[in-house]
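K.L.:
Could you work out the structure for the sequence below:
(2 chains)
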Amino acid sequence: MTPQRQVRPGARAIWARSLAVWAAMILLLAVAAITAHVPLGPLNTPIVLACAAVEVVLVAIFGMELGRSEALLRLAAIAGVIWLCIMFGLTLNDILTRTM
Amino acid sequence: MRSAPGALREPYDDLGRQRAAASFGIWVFLASEVLFFGGMIMAYTMMRITHPQAFVQAGREAEFWFGTVNLVLLMTSSMTMAVAVRGAASGFASMATRCLLVTALLGLAFLVVKGIEYHVDLDDNLWPGPGFKLGMTPAQLFWGFYWVMTFIHAVHLTVGIVLVLRLVVLARLGLIALQESPTLAVTGLYWHLVDIIWICLYPLLYLVGRS
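P.N.:
Modelled structure (predicted):
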């Protein structure tokens, strides 16, 4: 269980990686904010939600370091997402299939 | 493993095991938070599917620029938090402390912007109930979600700011070794989740009905 000491990055490398992720997230925000103002019909909502989803993945992988975490931690994180999918799946299964 | 002064807590006799337990504990808590906010977003989704036109009409009233600026502030704070955590792990304690301070200040800036936005919203009669700007329509549902979700998020952020400032003070006083203590990583995970929640709320509350 004891984490192994990894090669420690320098301050410049830490800032470079974090700034790159931040720039990607700002770019995604700009894409979402701009496309939201363009009339794309039914595509507007999926595009802004997709941008948000990628931003969440970026924070989870690079900010929360899930990619380098132990399997137990990834399981705990995935458990939350799985239960969320069950909740959305069962509820939308009802709402979207109603015949009014 | 060598233990930093004050970092090791009962019942652990090894800092690595304590760190693993702390990380697992916060991840279980974060999973419950995902479901907590997920339930509210689920209810929002149901109402939006049921009243699509009312949500478009209500969404246009949200202050786009306040929400956008706040997302930039939180994304930037997530970056400084990530630098603090990785910097501390690499032995750059003073850089980590400075980044934590900047993180807390960005969080405070978010709350200031949010407070101004709330003031503008209230001046615009966007509190659901009698006198609501859009009348007694289902648009009130959107604004009910807006007030509840943004306020609960702000409470979470306030807790995060207190936790981060606590770390800054403890580090400045030499009462905590940021490189060894699991507290910084745990606080960082919580902060990132607060950022993630705002990333999810932003398109639902500020990008509806813009086109």
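
K.L.:
do stretch B:186-197 and chain A meet?
P.N.:
Yes: under the criterion of C-beta under 8 Å from any C-beta of the partner chain, chain A is reached by stretch B:186-197 at B:Gly188, B:Leu189, B:His192, B:Leu193, B:Asp195, B:Ile196. From N, CA and C alone the C-beta is placed, and that goes for glycine too.

K.L.:
Report the rounded mean pLDDT for the helix or strand hosting B:Gly160.
P.N.:
B:Gly160 is located in helix B:139-172, with elements delineated by DSSP states H and E. Averaging pLDDT along helix B:139-172 yields 97.

K.L.:
re earlier: export the residues of stretch B:186-197 next to chain A as CSV, with columns for distance to B:Leu205.
P.N.:
Formatted as CSV, the residues of stretch B:186-197 next to chain A follow (distance: C-beta to C-beta, whole Å):
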residue, distance to B:Leu205
B:Gly188, 26
B:Leu189, 24
B:His192, 20
B:Leu193, 18
B:Asp195, 16
B:Ile196, 15
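
K.L.:
Looking at those residues, which is nearest B:Ala43?
P.N.:
Nearest to B:Ala43 among the residues of stretch B:186-197 next to chain A: B:Ile196, at 18.9 Å, using C-beta to C-beta.

K.L.:
Extract the CA atoms of the helix or strand hosting that closest one and return them as PDB.
P.N.:
Under the criterion DSSP H and E, the helix or strand holding B:Ile196 is helix B:183-206. Provided in PDB are the C-alpha atoms of helix B:183-206 (Å, rounded to 0.1, in the frame of the first residue of the first chain):
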ATOM      1  CA  THR B 183      -4.100  16.800   4.400                       C
ATOM      2  CA  LEU B 184      -3.000  18.800   1.400                       C
ATOM      3  CA  ALA B 185      -3.800  16.000  -1.100                       C
ATOM      4  CA  VAL B 186      -7.200  15.500   0.500                       C
ATOM      5  CA  THR B 187      -8.000  19.200   0.500                       C
ATOM      6  CA  GLY B 188      -6.900  19.400  -3.100                       C
ATOM      7  CA  LEU B 189      -9.300  16.600  -4.100                       C
ATOM      8  CA  TYR B 190     -12.200  18.300  -2.400                       C
ATOM      9  CA  TRP B 191     -11.300  21.600  -4.100                       C
ATOM     10  CA  HIS B 192     -11.200  20.000  -7.600                       C
ATOM     11  CA  LEU B 193     -14.600  18.400  -7.000                       C
ATOM     12  CA  VAL B 194     -16.000  21.900  -6.200                       C
ATOM     13  CA  ASP B 195     -14.500  23.000  -9.500                       C
ATOM     14  CA  ILE B 196     -16.100  20.000 -11.300                       C
ATOM     15  CA  ILE B 197     -19.500  20.800  -9.900                       C
ATOM     16  CA  TRP B 198     -19.300  24.400 -11.300                       C
ATOM     17  CA  ILE B 199     -18.100  23.000 -14.700                       C
ATOM     18  CA  CYS B 200     -21.300  20.900 -14.700                       C
ATOM     19  CA  LEU B 201     -23.600  23.700 -13.500                       C
ATOM     20  CA  TYR B 202     -22.300  26.300 -16.000                       C
ATOM     21  CA  PRO B 203     -23.800  24.800 -19.200                       C
ATOM     22  CA  LEU B 204     -27.100  24.000 -17.400                       C
ATOM     23  CA  LEU B 205     -27.600  27.400 -15.900                       C
ATOM     24  CA  TYR B 206     -25.800  29.900 -18.200                       C
END
